[in-house]
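*Asks:* Mind folding the following:
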Amino acid sequence: MAATQRTNKEMQIKSKAALAKATDPLEKLQLACLSRGATGIKGLARKFKIMDDDGNRSIDFKEFEKGLREYGLTEFDKATMQEVFQIFDKDGSGTIDFDEFLVKLRPPMSQHRKALIFQAFDKLDKTGDGIITVEDLRGVYNVKKHPKYLNGEWTEDQCLKVFLDSFDSQDKDGKITKDEFQNYYSGVSASVDSDAYFDLMMKQAWKL
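*Replies:* Reported below is the predicted structural model:
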């Protein structure tokens, strides 16, 4: 289940308000991503992944700045970007570890919430290859009540693809990795204060 429009809207409003008061550069970046909705962090992660041409999972400041600008994070001037970059570039090498950056960018989540997210992913990933595709969703996600399926406008596969796209960022490649799923739900989690409600929401959505 993707975040409801209401949850998403609430999170965007909350994050924008908090961003106006935030002074910590990393918190500012977190909130700027969340103010773009539940897919904000995942979208930025995807942007950096595309830029990592040599696949070495590290980026220098020039790439970092380009990624933030291309993603539309206009709230950040060069000085703030450098501050954030230096938080991660602890050894002063001029590059930062992409995975470490993502782990810190995700809002803190309890082990219980993480366990629920991974449980949902494993249930959807029927083939167990670490990637959710339309093929995996067949038989797990029921489209029979989807209005466009009912009126014959969309096939089952089209419904499943649109459902999958709700978790995806800009490039919509029809594949969701465990990391992307977690990045998406870290955004949803940030908008849900109550552990009990998050638990209920995940269990009802995925029949865990």
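
*Asks:* just the helices in the protein please.
*Replies:* Secondary structure of the chain by DSSP state H: the helices cover 5-21, 25-34, 40-51, 61-70, 78-88, 98-105, 111-124, 134-137, 147-150, 156-165, 178-190, 195-206.

*Asks:* Could I get the contacting residues of the residue nearest to residue 109 when sequence neighbours are not counted?
*Replies:* Excluding the flanking residues, the one nearest residue 109 by C-beta to C-beta, 6 or more residues apart in numbering is residue 189, at 5.2 Å. Heads up, the C-betas are built off the backbone N, CA and C, glycines and all. When contacts are counted by C-beta atoms under 8 Å, 6 or more residues apart in numbering, residue 189 is found next to 107, 109, 113, 117, 198.

*Asks:* okay, residue 189: pLDDT?
*Replies:* Note on residue 189: pLDDT of 84.

*Asks:* what separates it from residue 19, distance-wise?
*Replies:* Separation of residue 189 from residue 19 (C-beta to C-beta, to the nearest Å) stands at 18 Å.

*Asks:* Ok, residue 86 next?
*Replies:* Distance from residue 86 to residue 19, counting by C-beta to C-beta: 20 Å.

*Asks:* More neighbours: which of the two?
*Replies:* More crowded of residue 86 and residue 19, by other C-beta atoms under 10 Å: residue 19, with 18 against 13.

*Asks:* Pull the contacting residues for the nearest residue in space to that one that is not next to it in sequence.
*Replies:* Leaving out its chain neighbours, the residue that sits closest to residue 19 by C-beta to C-beta, 6+ apart is residue 31, at 4.1 Å. Counting by C-beta under 8 Å, 6+ apart, residue 31 touches 15-16, 18-19, 22.

*Asks:* Report the buried members of those.
*Replies:* Of the members of these, the ones counted as buried by neighbours, 16 or more other C-beta atoms under 10 Å, are 15, 19, 22.

*Asks:* which one of these sits closest to residue 132?
*Replies:* Nearest to residue 132 out of the buried ones among the contacts of residue 31 is residue 15 (C-beta to C-beta; 26.5 Å).

*Asks:* Make sure that closest one is actually in contact with residue 38.
*Replies:* No - Residue 15 sits out of contact with residue 38 when judged by C-beta atoms under 8 Å, with a separation of 10.7 Å.

*Asks:* shouldn't residue 127 be in contact with residue 135?
*Replies:* Yes - applying C-beta under 8 Å, one finds residue 127 in contact with residue 135, separated by 7.2 Å.

*Asks:* Neighbour count: those two, which is higher?
*Replies:* In this view residue 127 and residue 135 are compared by other C-beta under 10 Å, and residue 135 has more residues nearby, 13 against 10.

*Asks:* Model confidence for that one, exactly?
*Replies:* 89.

*Asks:* Lovely, talk soon.
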